[in-house]
Each structure stands twice: as structure tokens, then as C-alpha cells.
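Next input, structure requested:
(one chain, ligands or ions: 1)
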Amino acid sequence: MLKGKTALVTGSTSGIGLGIAKALARQGAGIVLNGFGDSSGPKAEVEALGVRVGYHAADMSKPADIEDMMQYAASFGGVDILVNNAGIQHVAPIEDFPPERWDAILAINLTSAFHTTRLALPAMKKAGWGRIINVASVHGLVASAQKSAYVAAKHGIVGLTKVTALENATTGITCNAICPGWVLTPLVQKQVDARAQQFGLSNEDAKKQLLAEKEPSLQFTTPEELGELAVFFCSDAAKNVRGVAWNMDGGWAAQ
Ligand code: NAD
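Here you go, the predicted structure:
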């Protein structure tokens, strides 16, 4: 379905981004990976699906790095599909929240998507086709205590999604957001570990407690499931799905 297209997925050396990159690759899209850590393992995993894979190490908190990455992606094959996924978390009450963590979360989880989007749109407009998928969160729809920066950034990216969708509503470019509930990635494992330590729980019990608090299905959503939703947004059938914030959250936001 996506043969001949290229997707740039930010924050794709791990977790949800890697899951989405692999799902798009299974449909034949060439992939540009981005993210920290060792990129050779993730690169090999995606290459094994039979597509061309590039990698750029841009730090998504740095606009100059983002510009470099967008130039690299343009020369690699273009950005037909842009998945804004890179994100970090910090958990603390507002009065103890380190201002530099606030700045980093806003820069990585929100502002980076503004930069990639503004730089990707001209070529998408020229081609008359594009898909922009913003990985927000159920925290783009509802809040939790102690996550001020994350909730603000994720509500912000849902807003950016709607504006991007509206500005391109008469074109072949769509923009939508995905809003996962709990997904067991390194980002969430840190929160499981903190809970296990705080309450003297085993890893398994800490996971159960985390789910029970918020997610009625008592199940984690998987990167593979989120990848399939991204594939749907890229399909022809989704060409008039514009500006939605689609939760895949086990019923979290339905409560
Ligand atoms: P993760 O920690 O597994 O992956 C995050 C990725 O972003 C990694 O590849 C990391 O290297 C990269 N990254 C971090 N900082 C970066 C930076 N400054 N520049 C470039 N890359 C950077 O986390 P994840 O759970 O897969 O999260 C991916 C996205 O999904 C995030 O936007 C997160 O907010 C969102 N999300 C996660 C969950 C969850 O339960 N895990 C739920 C809802 C939304």
C-alpha cells in the first residue's frame, strides 16, 4: 500500500515510534529513523522487512538539528509521511517541577512537531499528498496530577493537529493524532519502577496497579496496534479523516 513512499518517524529507536516504523515498512514505505541510543539494532529490524532505511540522530529539542534531519530525509527519499512521535516524561507536582524539564518537554513533545511540520508541508503540497501523524496521548484529552508539562504539551499537539488539518483540508494532506493510554515502553517502565519502589511492590503488581487506576481494559496497548492505526491513517480510505485525536486507551478517556 505504501510502496514508493517514505516515512520519517521521530523518536523511533524504541517503543511506539519503532512499532509505527515497522508497521509502515510492512506496507512497503522507506523509513527514516531518528532517536537516541544505538540505532543499529532498530535499523536492522526495519531493514529485515525489505525496505530502505535511513537514520538521523537529530536532538528534537534543537531546531537546527531538526532542519538538518529534514534536509537529510528530503535527500533520502522525501517525507511523504511524517510521524511526530519523539517524547519524554517527567512526573512531579507543579511547585517542584524543574523549569528545565518543563522547557525540555515542551520543546521535544510539542515544538519539534511544529518545526518538522512546517518544513515537511511545502514538498507535500507540491506532491498533492501527505500524511502527518502526531503521537499525542490520552493526556492530550484528559489530565493526570503531577504531569503538568506532559499534559500541556499533549493538549498542545492535539491543537496543532487540528490547525494543520484545517489549513490543508482541501488538499491530499491529512493530519491526525493518535492518543494511546498505557503502552509498556521504556518511558512507562520508569513509572512502573518508581511505583514498585514507592509502594514496595513487585514489577507485576506495580503494572497491575498502574493499569487499574486509569485503564478499564486492564491491558496495555501495544506499539504494533498503534502501528496499525497509523497504517489506517495513511490509507486511501482515511483520506477524509482530518484533525481527529483518536484514542486507543482501553476506555481511559470514556470514564
Ligand atoms: P520511549 O522512551 O520508548 O521512546 C521515545 C523515543 O524518543 C526514543 O527513540 C528516544 O530515543 C526518542 N527521544 C527522546 N528524546 C529525544 C530527543 N530529544 N530527540 C530525539 N529523539 C528523542 O517512549 P514511548 O513510550 O515509545 O513514547 C513515544 C511517544 O508516545 C511519546 O511522544 C510519548 O509521549 C507517547 N506516548 C506514550 C505512551 C506510553 O504509555 N508509553 C502513552 C501515550 C503516549
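
now for the helix or strand hosting Arg131, which elements pack on it?
When secondary structure is defined by DSSP states H and E, Arg131 falls within strand 130-135. Counting contacts by 3 or more Cβ pairs under 8 Å, 6 or more residues apart in numbering; DSSP states H and E, strand 130-135 packs against helix 15-26, strand 81-84, helix 112-127, helix 148-167, strand 173-180, helix 223-234. In this view, the C-beta of every residue, glycine as well, is placed from N, C-alpha and C.

Give me the contacts around that strand.
16-17, 20, 79-85, 87, 113, 117, 120-121, 124, 157-158, 160-161, 164, 168, 171-178, 180, 226, 230, 233-234 (Cβ atoms under 8 Å, 6 or more residues apart in numbering).

so that strand versus helix 15-26, what angle?
150 degrees (axes from the mean of the first three to the mean of the last three Cα atoms, to 10 degrees).

before we move on, the earlier item: tell me, which of the contacts of strand 130-135 make contact with the ligand?
Ile16, Gly17, Asn85, Gly87, Pro180 (Cβ under 6 Å from any ligand atom).

between those, which is closest to the ligand?
Nearest to the ligand among these is Gly87, at 2.2 Å by Cβ to the nearest ligand atom.

tally of neighbours for the closest one?
25 (other Cβ atoms under 10 Å).

Apart from its chain neighbours, what residue comes closest to Gln146?
Leaving out its chain neighbours, the residue that sits closest to Gln146 by Cβ to Cβ, 6 or more residues apart in numbering is Val91, at 4.9 Å.

same thing with His56?
Nearest residue to His56 in three dimensions, chain neighbours excluded: Met69, at 4.2 Å (Cβ to Cβ, 6+ apart).

Could you chop this structure up by domain?
According to automatic domain parsing, the chain is divided into the following domains: 6-181+221-250, 184-220.

Give me the distance between the first one and the centre of its chain.
Remark: domain 6-181+221-250 is offset 4 Å from the chain centroid, using Cα atoms, centre = their mean, to the nearest Å.

In contact with the most centrally placed residue in the chain: list those residues for me.
Taking Cα atoms, centre = their mean, the centroid of the chain lies closest to Asn85, which sits 2.2 Å from it. Contacts for Asn85 were tallied using Cβ under 8 Å, 6+ apart; they are Val9, Thr10, Gly11, Ser12, Ile16, Gly17, Ile20, Val135.

So, low pLDDT: which residues of the stretch 51-200 of the chain?
Within the stretch 51-200 of the chain, no stretch has pLDDT under 70.

need the residues of it near the ligand, please.
So the stretch 51-200 of the chain meets the ligand at 59-61, 85-88, 108-109, 135, 137, 180, 182-183, 185-188 (Cβ under 6 Å from any ligand atom).

again, 8 Å this time
Within reach of the ligand by Cβ under 8 Å from any ligand atom, the stretch 51-200 of the chain has these residues: 57-62, 65, 85-89, 104, 107-109, 112, 135-139, 150, 154, 179-188.

could you flag which of these are buried?
58-61, 65, 85-89, 104, 107-109, 112, 135-139, 150, 154, 179-185, 188 (16 or more other Cβ atoms under 10 Å).
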